[in-house]
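A.B. asks: return a 3D structure for these sequence lines:
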Amino acid sequence: MNKWILLIHQIAHDSPNLRVKIWRNLKKHGAMLFKNAVYVLPFTDEHEETMQWLCNQIKEGGSDASLFITESLDKKQDDEIIKSFHEICDKEYIALIEVSNAELKKITQREATEGISEGLVHECKRKLNEIRKSADDISKIDFFHAPQKELLLQKISSLQKTLLKWTKTSEKEIKVTGKVYQIKDFSGKKWATRKDIFIDRIASAWLIRRYIDPKTRFVFMSKGTEKAPRGTVPFDMYGSEFTHHGEDCTFETLMKAFDLKDTALKSIAEIVHDIDLKDNKYGRKEAEGLAQIITGLSQKLKDDNKLLEKGLEIFDALYQNYSSS
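C.D. replies: Reported below is the predicted structural model:
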């Protein structure tokens, strides 16, 4: 039979803060409320120390608590208690399984329609880390290996395999790590990026047109296309040289790659970064307004070439503003 440690307490009605504090600690350590009267944990020296500490906290708060160590009389009682522990953990596991399913569905749809992007990879990694951390937290109090744990681990594995596949795809890319390119080597070339351009691609196209090749033309690739047409220079595409690297958006990568040093460009880069990566790294107050303008234009102009024309004008105006300030 299993050995259990039981905590029975009676906290005064005029001590609501103590009641909440004890309840949170009991939940944190995985104690289960059994028969609406007793908190139960499987007996270990660590759990005994935890329960003894909580018991003392209750008494010091002016209320009453008692601690018992006992064994079940038969297997049926053990099974009933273990089933209750399973139900608590399974509820948490199922919630994470639903989150994992939603994430798998979302990235599958986006991979098929938009293609793999640095933003998608970053987002998937962040979500996977959140799910894994939550799963680890539940595992710490899953004393009897609740049935839904295995299914959750399978979902986590599926997310990990997707990221691994994307990582292998990107291993062939040449990282921009301090390498400076010569502008003359890119004269007369076409540049390619994904359709439905937004802030980073519009700003990067402006930078290319104004600083690298005034006569360059742009190719906008259909959603789901992974490789740029032969003879074009891809940008803001997963696995390309000129895309997100580390904490930099594509605009910042291009500035470093072509050694473009200009205080007005730096201001624009910070705004583009804050809008594109949504991390408020630079705290540019102009970001929200520019994001709304670009969003409105993208909703009004469905043609990428027309949207780019308007975008070029906007960034010309921004550059003029920061150059003269």
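A.B. asks: the helix or strand bottoming out on mean pLDDT in the chain: how far from the chain's middle?
C.D. replies: Lowest by mean pLDDT, DSSP states H and E among the helices and strands of the chain is helix 148-170, with a mean of 84. Relative to its chain's centre, helix 148-170 lies at 15 Å (C-alpha atoms, centre = their mean, to the nearest Å).
A.B. asks: could you do stretch 14-27 as well?
C.D. replies: With C-alpha atoms, centre = their mean as the basis, stretch 14-27 stands 32 Å off its chain's centre.
A.B. asks: residues contacting it, please?
C.D. replies: Leu7, His9, Ile11, Ala12, Leu33, Tyr39, Leu54, Gln57, Ile58, Gly61, Gly62, Ser63 (C-beta atoms under 8 Å, 6 or more residues apart in numbering). The way it works is simple: take the backbone N, C-alpha and C, and place the C-beta from them, glycine included.
A.B. asks: I'd assumed Val38 was in contact with the first one.
C.D. replies: Looking back up the chat, that one is Leu7. Yes - here Leu7 lies in contact with Val38, judged by C-beta atoms under 8 Å, at a distance of 7.1 Å.
A.B. asks: those two: who's more crowded?
C.D. replies: Leu7 (21 against 16; other C-beta atoms under 10 Å).
A.B. asks: which of the three states applies to the more buried one?
C.D. replies: The three-state label given to Leu7 by DSSP: H, G, I helix; E, B strand; the rest coil is strand.
A.B. asks: helices - which of the contacts of stretch 14-27 land there?
C.D. replies: Residues of these located in helices (DSSP state H): Leu54, Gln57, Ile58.
A.B. asks: drop anything exposed from these.
C.D. replies: Taking 16 or more other C-beta atoms under 10 Å as the criterion, what is buried in these is Leu54, Gln57, Ile58.
A.B. asks: ok, and the closest non-adjacent residue to the last one?
C.D. replies: Pointing back at Ile58 there. Nearest residue to Ile58, sequence neighbours excluded (C-beta to C-beta, 6 or more residues apart in numbering): Ala65, at 4.0 Å.
A.B. asks: what sits up against the helix or strand containing that neighbour?
C.D. replies: Per DSSP states H and E, Ala65 falls inside strand 64-71. Contact with strand 64-71 is made by 1-10, 43, 48, 51-52, 54-55, 58-59, as judged by C-beta under 8 Å, 6+ apart.
A.B. asks: same thing with stretch 250-265?
C.D. replies: Counting by C-beta under 8 Å, 6+ apart, 176, 179-181, 183, 200-201, 203-204, 207-208, 211-212, 235-236, 241-245, 248, 266, 268-269, 272-273, 276, 319, 322-323 sit against stretch 250-265.
A.B. asks: now swap in stretch 74-90 and tell me
C.D. replies: In contact with stretch 74-90 (C-beta under 8 Å, 6+ apart) are residues 1-2, 4, 30, 32, 34, 40, 72, 138, 141-144, 146-149.
A.B. asks: next, the buried residues of that stretch.
C.D. replies: Neighbour counts over stretch 74-90 (16+ other C-beta under 10 Å) mark Ile81, Ile82, Phe85, His86, Ile88, Cys89, Asp90 as buried.
A.B. asks: what's the pLDDT at the first one?
C.D. replies: Put plainly, it is Ile81. Looking at Ile81, its pLDDT stands at 93.
A.B. asks: the strand holding Ala65 pairs with which strands, parallel or anti?
C.D. replies: Its sheet considered, strand 64-71 pairs with strand 3-10 (antiparallel) by DSSP bridges.
A.B. asks: alright, calling it a day.
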